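Peer 1: quick one: sequence and predicted model below, then my questions.
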Amino acid sequence: MSYPPQQYIAPQPAISASLRRAGLPPDLAIGARSRVSYLATGETTGGAFGLYRWDLAAVPPAGGRSAGHFHRTMAESFYILDGTVSLYNGDKWVDATPGDYFYVPPGGIHSFANNSGAPASMLILFAPGGPREAYFEELAEIAASGRELSHDEWVQLWARHDQYEAAIPE
């Protein structure tokens, strides 16, 4: 394997680094269950990746897990910071704890939930970086408004955001 093509070809290095300080409030609340911090968006990384901190409240499992799904254009990775997060690997649910890393290539069935009864936090990385913020913000608007979507409306919403339904056994 070799390095990818050069992206920076100017003769002098640039002053271009950025810092997001700890302690800033989350960028988005998705109902009572999730708080999302936009650490690096697909836009800010030139499409290279998107990195988000996802804080999960201690909520009952019913309605507290994401639907089983896969992505066609990007890989998704999870790194557990605090607590216990249940992750579906396409075959079974596994509990992940701080320091655990979970990688899902394009096409891989996955889901996540906080079934632990205690708060949990994780980093979610999408590569390459797509405009995931629009998807997260749409979920937040639906939760805030109390709007109920039909299954067909969910399928259309997911498809707009490179997310495709995959059945998960109960």
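Peer 2: Nice, thanks for sending it over. These figures come from a predicted structure and were not determined experimentally. Numbering: from 1, shown residues only.
Peer 1: tell me if A140 really is in a helix.
Peer 2: Yes: counting by DSSP: H, G, I helix; E, B strand; the rest coil, A140 is located in a helix.
Peer 1: any idea what the closest residue to it other than its chain neighbours is bridged to?
Peer 2: Ranked by Cβ to Cβ, 6 or more residues apart in numbering and with sequence neighbours excluded, the top spatial neighbour of A140 is I30, at 4.7 Å. Where you see a C-beta, it was placed from the backbone N, CA and C, and this is true even at glycine. Beta-bridge partners of I30, counted by DSSP bridges, are S34.
Peer 1: need the contact list for I30.
Peer 2: Contact analysis of I30 by Cβ atoms under 8 Å, 6 or more residues apart in numbering lists 36, 136, 139-140, 143.
Peer 1: could you give me the ChimeraX selection string for whichever of these are buried?
Peer 2: Buried subset of these, written as a ChimeraX selection, criterion 16 or more other Cβ atoms under 10 Å:
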select :36,136,139,140
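Peer 1: hmm, who's touching stretch 119-134?
Peer 2: 28, 38-43, 45, 47-58, 71, 73-85, 112, 114, 161-162.
Peer 1: any of the residues you listed buried? List them.
Peer 2: Buried among those by 16+ other Cβ under 10 Å: 28, 38, 40-42, 49-56, 71, 74-80, 83-85, 112, 114, 161-162.
Peer 1: in strands, which of those appear?
Peer 2: Per DSSP state E, strands hold the following members of those: 28, 38, 40, 50-56, 75-80, 85, 112.
Peer 1: just the helices in the chain please.
Peer 2: In the chain, the segments counted as helices under DSSP state H are 132-145, 151-160.
Peer 1: can I get those helices in JSON lines including distance to L125?
Peer 2: Shown next, in JSON lines, are the helices of the chain (distance: least, Cβ to Cβ, whole Å):
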{"stretch": "helix 132-145", "distance to L125": "10"}
{"stretch": "helix 151-160", "distance to L125": "20"}
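Peer 1: columns distance to R20 and mean pLDDT on top of the ones you listed, output as JSON lines?
Peer 2: As requested, the helices of the chain are exported to JSON lines (distance: least, Cβ to Cβ, whole Å; pLDDT from 0 to 100):
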{"stretch": "helix 132-145", "distance to R20": "15", "mean pLDDT": "96"}
{"stretch": "helix 151-160", "distance to R20": "27", "mean pLDDT": "96"}
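Peer 1: most packed of those?
Peer 2: Mean neighbour count (mean count of other Cβ atoms under 10 Å) peaks for helix 132-145 among those, with a mean of 15.
Peer 1: ok and it relative to helix 151-160, angle-wise?
Peer 2: Interaxial angle, helix 132-145 versus helix 151-160 (axes from the mean of the first three to the mean of the last three Cα atoms, to 10 degrees): 150 degrees.
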